[in-house]
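>>> Sequence below, structure please.
(one chain, ligands or ions: 1)
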Amino acid sequence: MSGSQYDWAKNIPCRNIQIHGFCKFEHKGCSYNHDPALQKGTAVSPVGASANTASAGESTITSAGTNSTVTTSSLMSPSSQLAGITSINSSPVTTLSTGKTSTFKPSVFNQKASYSLPTNDNNDSANSSTSSALNGTSSSPIMNKKFNLDSPAFRPTPLSTKFASLSPSLDHIPTFVPSIPNGKTEKSPATETATIASAIRSNLNGGESTSTLNFGPGQANAGKISNDATFNDLGSMSSTLTKTNSFNPVTAPVFTPKTNSASDTINSLNTNFSSHPQPPTGEDLFYQNTNLYPVNFLLYAPPPPPHVELNKKSNERTVDDLFINNKLREYLQLKNEESLKSISNNELDLPSHVGQYHSLYPIDHNFDYSTKSFGYVSIVYKCMSNENGKLYTMRRLQNVPITSPSVLKSIKKWKKVDCSNCVKVYDVFTTRAFNDNSLILIYDYYPMSLTLMENHFMSFPGKNPDLITEDSLWNYTIQLLNAITEVNRLGLSLGSLTSSKIIITNKGRIRLSAVGINSILEDVSKTLPKDAKELEEAEEDSDLLNLGKLILFLAKSTTYLKAPTEDPMEIIMQLKFTNVFKKMLSYLFREDATIERFQELVAPMILKLANGLQNSCDYMESNLMGELENARLVRLFAKLDFISERPEVVKDGLWSETGERYPIKLFKDYVFHQIDDNGKPVVDLTHVINCLNKLDAGVDENILLVSSDEMTCLIMSYKQLKELVNKSFLKLLGKE
Ligand SMILES: Nc1ncnc2c1ncn2[C@@H]1O[C@H](COP(=O)(O)OP(=O)(O)OP(=O)(O)O)[C@@H](O)[C@H]1O
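Residues are numbered from 1 along each chain as shown. Sure, this is the predicted structure:
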């Protein structure tokens with residue numbers, strides 16, 4: 001390589017040094033300049049070469065609480081190194097660790113990180129240096145000769161003339177318009193672009209613009225854009241904006257989430273069986289499936305994933321274990337949800353009140369009113385008493401010919417029935433509130449109940465009919481025997497037992513749902529001209545026989561009868577159940593059957609049932625115990641909140657933040673307002689419950705309480721805190 005040939009390069013900094021930090025051809029003939037003085041301040045500094053990064057190895061990240069000193073180079077990503085981060089400092093705070101999350105690090109928010117970004121000057125100078133070299137503005141005469149401003153520019157020959165006439169200005173470049181599918185209205189690209197732009201603008205401006213977008217069904221103004229499939233995505237995106245901007249809490253429709261929960265199933269049944277199904281309104285369509293999940297039942301205690309549950313050691317607990325069993329909780333919450341359902345009176349043309357009862361809500365699942373269990377159309381509502389605010393079930397029998405109030409007298413005796421297998425009856429009266437002559441009976445309300453008929457023979461969305469097994473039939477028999485025994489003891493008779501008048505109020509728990517009606521209707525029928533023979537036949541059936549008929553009806557539905565017959569004994573012989581069961585069932589059809597003898601017959605099974613019930617009681621009690629502990633903590637929460645941050649005593653030096661009760665405020669910060677190393681809030685229920693339990697017990701364990709500005713640090717024991725809390729609370733009550 002001749003020295004004179006590459007003389008022009010001797011003032012140009014070598015790019016190898018700029019890029020790699022060194023040039024391996026420096027002494028092997030590279031003609032570019034390797035002088036460090038010239039390199040500095042010209043191009044982007046290579047890693048480790050700048051003054052900033054030279055000190056990087058000494059800078060530290062001081063993690064509050066851990067006091068760890070870590071070299072920046074080991075922590076920083078290459079990009080941050082390039083960005084020249086020198087140090088992230090925060091004042092170190094040492095705290096006492098009382099658990100895995102009990103390190104309070106308020107200082108993390110106050111970290112003042114100093115960043116040293118590469119300056120534009122450097123880049124500019126590098127660029128200018130490079131470009132000057134390329135543009136030949138250096139003093140090299142050779143560059144001037146080879147490549148200068150006067151050199152002809154490269155102009156590619158256009159392949160087509162399509163764009164030749166277009167202006168190079170950005171404003172004049174046409175928008176890309178995808179080909180329009182068949183059948184779609186064609187719009188000029190310019191119109192579309194303008195319309196989209198105006199639509200977005202109108203949405204962003206809170207819909208002030210005159211152009212309207214229609215993104216959801218039921219919107220009054222069906223805009224022109226919404227019909228165009230090209231804008232569907234844009235529409236769905238912008239609909240959020242429109243909805244948010246135009247939301248008015250006063251006029252907004254009440255949102256009822258559509259869920260897959262059991263209660264929803266029941267709800268949907270109401271719709272499915274309705275004889276006059278209502279077409280969904282625009283709002284219904286809009287809201288449907290917006291919330292596929294039931295109300296946030298798991299918001300505060302999600303169940304652990306199955307693998308965690310499986311691998312849990314006997315001494316380990318999850319947050320889930322601190323609360324009532326999830327399935328039980330969900331079930332109870334669904335019941336609560338069902339109890340709270342309501343409907344506007346106008347919607348179903350229901351009276352606003354019937355006597356002292358108001359807020360009627362139909363709970364029938366079967367809207368086929370042609371089936372008349374009692375010879376009259378019967379409709380069941382949930383209602384609320386104006387007297388005590390409790391929920392009740394109102395059964396309405398339409399057009400019962402009651403001529404005298406004396407026919408209602410029998411209810412007095414029925415009110416005395418206090419049996420766990422009978423729904424308690426409270427009241428009976430007649431009303432014209434429904435614009436007819438209705439007989440009303442008021443019963444206890446059991447949310448989410450299904451009749452035996454519904455449970456075993458009907459399928460609802462999300463629920464198939466439950467299988468009838470020998471065990472379930474024993475269960476029903478014994479529970480109904482209990483009801484019969486109690487009713488007979490009071491000198492009453494149940495009359496016919498039908499599967500649609502027995503409700504399942506809990507797993508395997510059944511209750512007679514329409515007690516007393518038969519007695520009233522019998523008295524009513526006595527006031528009417530009646531065939532004497534009919535009356536005789538009605539008297540024949542004993543409660544035991546009625547029980548036998550019901551159990552036989554349920555049992556025979558499980559078996560295919562080879563020889564269809566009406567004779568109960570023959571049917572029982574064909575059943576595929578144990579002989580003990582068959583013996584029990586056939587006894588119910590004997591004329592000499594007595595309750596006492598029947599009770600003896602089923603005694604072993606009663607013991608089995610009693611065992612199951614006691615186990616169930618124990619399970620419920622253990623859940624109750626857990627909730628008892630939670631209730632204790634709720635009271636403690638309330639106590640703490642009653643004491644701290646009271647506005648009326650803020651001027652009281654002793655009570656306010658800087659006064660005697662200051663540790664309580666700091667303790668609340670310690671429990672609820674911790675943040676982790678990254679400044680993220682620590683949401684750890686275990687920590688909260690640990691701390692509150694220790695406070696409640698007043699343990700002799702010290703904690704460090706630090707104010708958020710780190711100006712105050714207190715070391716206190718839970719014992720001292722408990723004394724302070726109690727003292728403050730008594731003072732608040734004026735008892736100190
Ligand atoms: N005390 C009650 N508490 C809660 N729900 C009840 C109560 N009594 C009845 N129900 C519910 O009301 C609904 C209607 O009950 P009803 O006795 O009218 O049954 P049905 O199948 O409609 O019978 P029918 O065809 O004879 O009218 C059932 O789903 C039942 O579970």
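
>>> What residue, apart from its backbone neighbours, is nearest residue 343 spatially?
By the measure of C-beta to C-beta, 6 or more residues apart in numbering, the closest residue to residue 343 outside its immediate chain neighbours is residue 361, 5.5 Å from it. Where C-beta positions appear, they are placed from N, C-alpha and C, glycine not excepted.

>>> Going by neighbour count, list what's buried in the helix or strand hosting that neighbour.
Using DSSP states H and E, residue 361 sits within strand 357-362. Neighbour counts over strand 357-362 (16 or more other C-beta atoms under 10 Å) mark 357, 359-362 as buried.

>>> Output these in TSV, with distance to residue 478 and pLDDT appended to each entry.
As requested, the buried residues of strand 357-362 are exported to TSV (distance: C-beta to C-beta, whole Å; pLDDT from 0 to 100):
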residue	distance to residue 478	pLDDT
357	34	96
359	36	92
360	35	94
361	33	93
362	32	92
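
>>> Closest one of those to the ligand?
Closest approach to the ligand among the buried residues of strand 357-362 (C-beta to the nearest ligand atom): residue 362, at 8.7 Å.

>>> what residues are up against the closest one?
Under the criterion of C-beta atoms under 8 Å, 6 or more residues apart in numbering, the neighbours of residue 362 are 270, 343, 348, 350, 379-382.

>>> Among those residues, name the buried ones.
270, 350, 379-382.

>>> Report the lowest-confidence entry in the residues you listed.
Among those, residue 270 has the lowest pLDDT, at 38.

>>> distance of residue 545 from residue 594?
Between residue 545 and residue 594 the computed distance is 12 Å (C-beta to C-beta, to the nearest Å).

>>> From residue 388, how far out is residue 404?
To residue 388, residue 404 is 30 Å away according to C-beta to C-beta.

>>> circling back: what about the strand holding residue 361 and the ligand, any contact?
No. Strand 357-362 lies out of reach of the ligand by C-beta under 6 Å from any ligand atom, never closer than 8.7 Å.

>>> Name every strand pairing with that strand and say which way it goes.
Next to strand 357-362 in the sheet, as set by DSSP bridges, lie strand 353-354 (antiparallel), strand 378-385 (antiparallel).

>>> For residue 584, which of those strands is the nearest?
Closest to residue 584 of the strands paired with strand 357-362 is strand 378-385 (C-beta to C-beta; 31.5 Å).

>>> Who are the packing partners of the helix or strand following that closest one?
Using DSSP H and E, the helix or strand that directly follows strand 378-385 along the chain is strand 391-398. Counting contacts by 3 or more C-beta pairs under 8 Å, 6 or more residues apart in numbering; DSSP states H and E, strand 391-398 is packed against strand 357-362, strand 378-385, strand 438-444.

>>> Try it again at 10 Å.
Contacts defined by 3 or more C-beta pairs under 10 Å, 6 or more residues apart in numbering; DSSP states H and E place strand 391-398 against strand 357-362, strand 378-385, strand 425-431, strand 438-444, helix 517-526.

>>> Might you report the residue contacts of the residue in the chain positioned nearest to the ligand?
Here the chain gets closest to the ligand at one residue, residue 373, 3.2 Å apart by C-beta to the nearest ligand atom. The neighbours of residue 373, taking C-beta atoms under 10 Å, 6 or more residues apart in numbering as the test, are 397, 496, 498, 500-501, 514, 517.

>>> mind redoing it with 7 Å?
By C-beta atoms under 7 Å, 6 or more residues apart in numbering, the contact set of residue 373 is 498, 500-501.

>>> Just want the angle from the strand holding residue 361 to strand 438-444.
Angle of strand 357-362 versus strand 438-444, following axes from the mean of the first three to the mean of the last three C-alpha atoms, to 10 degrees, is 90 degrees.

>>> the inter-axis angle of strand 357-362 versus strand 425-431?
For strand 357-362 against strand 425-431, the angle by the same axes, to 10 degrees is 90 degrees.

>>> what about the closest residue to residue 351 other than its chain neighbours, which SS state?
Leaving aside its chain neighbours, residue 351 sits nearest to residue 433 (4.1 Å; criterion: C-beta to C-beta, 6+ apart). Following DSSP: H, G, I helix; E, B strand; the rest coil, we place residue 433 in the coil state.

>>> For residue 433, give its distance to residue 363.
18 Å.

>>> Pick out whichever of these two has more residues nearby.
Neighbours were counted for residue 433 and for residue 363 using other C-beta atoms under 10 Å; residue 363 has more, 21 against 17.

>>> Would you check that that one makes contact with residue 391?
No. Contact criterion C-beta atoms under 7 Å: residue 363 and residue 391 do not qualify, at 10.6 Å.
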